[in-house]
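1. Below: sequence and its predicted model.
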Amino acid sequence: MKKLMMVVMLFAFALNAAEIDTSKSTLQWKGSKGAAGFKLGSHYGKIKIKEGDFKIEDGKLVGGNVVVDMTDFTVEDLSGEWADKFISHMKSSDFFKTDKFKTSEIKFKSVKGKTVTADLTINGKTKEVKFDYKKDGDAYKGKLVFDRTEFGMNYGDDTSLGDKFIHKEVEVEFNVVTK
């Protein structure tokens, strides 16, 4: 029994959970618009992490889970009435459906080198994504790009819309700090 307890304790020291410091972590999103094949403008802002942790084994990232609060985000390139309208539209059934889906989540499936394979869940739909990261002190930095239409956000993806066309790719630059 003592040997079993020692093995469990050694494993616990080798595999640690590093809680995410939500007050120091940032997620910067960006979406682009314009005629198909051309980016004529973009909107960008921040979105908050609600909770999460990373799994660390022998000093290396091996897993993680991050929950994002879809009801609390900003748009930084607009102000006043235009910002309010934009945020309201992003929360509507055309995009994030925040009345039904208050959070989004990313669950790591594997980490190979500096590449993460994970399941991203938005609007109740889950798709596999891959992204690279780099470690900088207590922070993990990188960029995740996903196709919004894979999560049921098809508003504005008709190429006949010209400069009102919204590109499918959404970029999320992350700087996730652990405690």
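-> Ah, there it is.
2. does residue 85 count as helix, strand or coil?
-> helix (DSSP: H, G, I helix; E, B strand; the rest coil).
3. Burial check on it, number of neighbours?
-> 12 (other CB atoms under 10 Å). C-betas here are computed from N, CA, C, even on glycine.
4. longest single strand anywhere in the chain?
-> Using DSSP state E to define each element, the chain has its longest strand at strand 41-57.
5. Given whatever helix or strand comes next after that one, what are its sheet partners and their directions?
-> Using DSSP states H and E, the next helix or strand after strand 41-57 towards the C-terminus is strand 60-73. Taking DSSP bridges as the criterion, strand 60-73 forms sheet pairs with strand 41-57 (antiparallel), strand 103-112 (antiparallel).
6. just so I have it, where are all the helices in this structure?
-> 2-14, 80-91 (DSSP state H).
7. worst average pLDDT in the ones you listed?
-> Comparing mean pLDDT across those, the weakest is helix 2-14, with a mean of 46.
8. Could you report the separation of the spatially closest residue to residue 102 that is not a sequence neighbour from residue 170?
-> For residue 102, ignoring the flanking residues on the chain, the nearest one in space by CB to CB, 6 or more residues apart in numbering is residue 71 at 5.5 Å. According to CB to CB, to the nearest Å, residue 71 stands 17 Å off from residue 170.
9. So which of the two has more stuff around it?
-> A side-by-side neighbour count of residue 71 and residue 170, using other CB under 10 Å, places residue 170 first with 19 against 14.
10. list the contacts for residue 44?
-> Neighbouring residues of residue 44 by CB atoms under 8 Å, 6 or more residues apart in numbering: 28-31, 75-77.
11. How about it: which residues does it bridge to?
-> Bridge pairing for residue 44 - DSSP bridges - gives residue 30.
12. please renumber so the chain begins at 57
-> Yes, from this point I'll number from 57; that puts the last item at residue 100.
13. Can you report how many residues lie near residue 108?
-> For residue 108, using other CB under 10 Å, the count is 21.
14. For it, which non-adjacent residue is closest in space?
-> Leaving aside its sequence neighbours, residue 108 sits nearest to residue 122 (CB to CB, 6+ apart; 3.7 Å).
15. show me what contacts the one you found?
-> 76, 105, 107-108, 161-162, 232.
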